[in-house]
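1. how does the following fold in three dimensions:
(chains A and B)
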Amino acid sequence: SQTIHQWPATLVQPVGSPLSLECTVEGTSNPNLYWYRQAAGRGLQLLFYSVGIGQISSEVPQNLSASRPQDRQFILSSKKLLLSDSGFYLCAWTMGYNEQFFGPGTRLTVL
Amino acid sequence: DQQVKQNSPSLSVQEGRISILNCDYTNSMFDYFLWYKKYPAEGPTFLISISSIKDKNEDGRFTVFLNKSAKHLSLHIVPSQPGDSAVYFCAAREIIQGAQKLVFGQGTRLTINP
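-> All right, here's what the predicted structure looks like:
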């Protein structure tokens, strides 16, 4: 069966510090991978998606970037965090056009 | 511009009664709709979906209705149980350049009262 992992589970970072969140998927090959953010009291906003290694599509201009160095690894990064980057970050995967499955999420607090 | 809207931020229902969660969308290119359930500090879990060529899909206590002409869908939960208390997200799918993208509503917090 397929599983999706995210780490860390929680993170508190000062403004201006770098960020690296990692997502890995097990039990499948060549998944489509997604990064979402849920800000406090808001819905899920799609940040990035990838249909293959090295391929990244960005949905909104922002302070974040994504990379996919391996087939089942998706990384969300920032060089300098802003207060507005605080939120709950979710990684998701899908095969083809089926429903997306989400990871457990990372709670990021920028102080 | 919010393409998927859940206009009720919260809903409170008595245990055993029917819960009805609503969702409206604006983009007629959406071809598939999904409902997710989310508990605090966890990722959303898939509940039920419906293709745009259907008007109803049922799975146990959960039924999703789609009214394409009104660009409206709803999730019915009957009978409602305390474990159903969670935030429910409606999502609509579009396919762009071979990739599936989901657009989510803001969510509705459902509380089931004993």
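2. with only the CA atoms kept, save stretch B:76-89 in CSV.
-> The C-alpha trace of stretch B:76-89 is given here as CSV (Å, rounded to 0.1, in the frame of the first residue of the first chain):
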residue,chain,number,x,y,z
HIS,B,76,-25.5,14.7,2.8
ILE,B,77,-24.5,12.7,5.9
VAL,B,78,-27.3,10.6,7.4
PRO,B,79,-27.5,9.7,10.2
SER,B,80,-24.9,12.1,11.6
GLN,B,81,-22.6,10.7,14.2
PRO,B,82,-20.3,12.4,16.7
GLY,B,83,-17.3,11.1,14.8
ASP,B,84,-18.4,13.1,11.8
SER,B,85,-17.4,16.4,13.6
ALA,B,86,-14.6,17.8,11.5
VAL,B,87,-13.9,20.4,8.8
TYR,B,88,-15.3,19.4,5.4
PHE,B,89,-13.7,20.7,2.2
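3. for that stretch, what is the average pLDDT?
-> When pLDDT is averaged along stretch B:76-89, the result is 97.
4. just checking, B:Asn7 touches B:Asp24?
-> Yes: using Cβ atoms under 8 Å, B:Asn7 makes contact with B:Asp24 at a distance of 7.0 Å. C-beta here means a position set from N, CA and C on the backbone, and glycine is covered the same way.
5. neighbour count for those two, which is higher?
-> Applying other Cβ atoms under 10 Å in any protein chain shown to B:Asn7 and B:Asp24 shows that B:Asp24 carries more neighbours, namely 18 against 10.
6. tell me which element the more buried one is part of?
-> Secondary structure from DSSP states H and E places B:Asp24 in strand B:19-25.
7. name the residues that touch that strand?
-> For strand B:19-25, contacts defined as Cβ atoms under 8 Å, 6 or more residues apart in numbering or on different chains pick out B:3-8, B:11, B:13, B:33, B:35, B:70-78, B:80, B:84, B:88, B:90, B:92, B:103, B:105, B:108, B:110, B:112.
8. next one, pLDDT for residue 22 please.
-> Here I'm looking at chain A. pLDDT, A:Glu22: 97.
9. not what I meant, chain B
-> 98.
10. ok, what's across the strand from it?
-> When bridges are taken as DSSP bridges, the partners of B:Asn22 come out as B:Ser74.
11. how close does it get to A:Val110?
-> From B:Asn22 across to A:Val110, the span is 34 Å (Cβ to Cβ, to the nearest Å).
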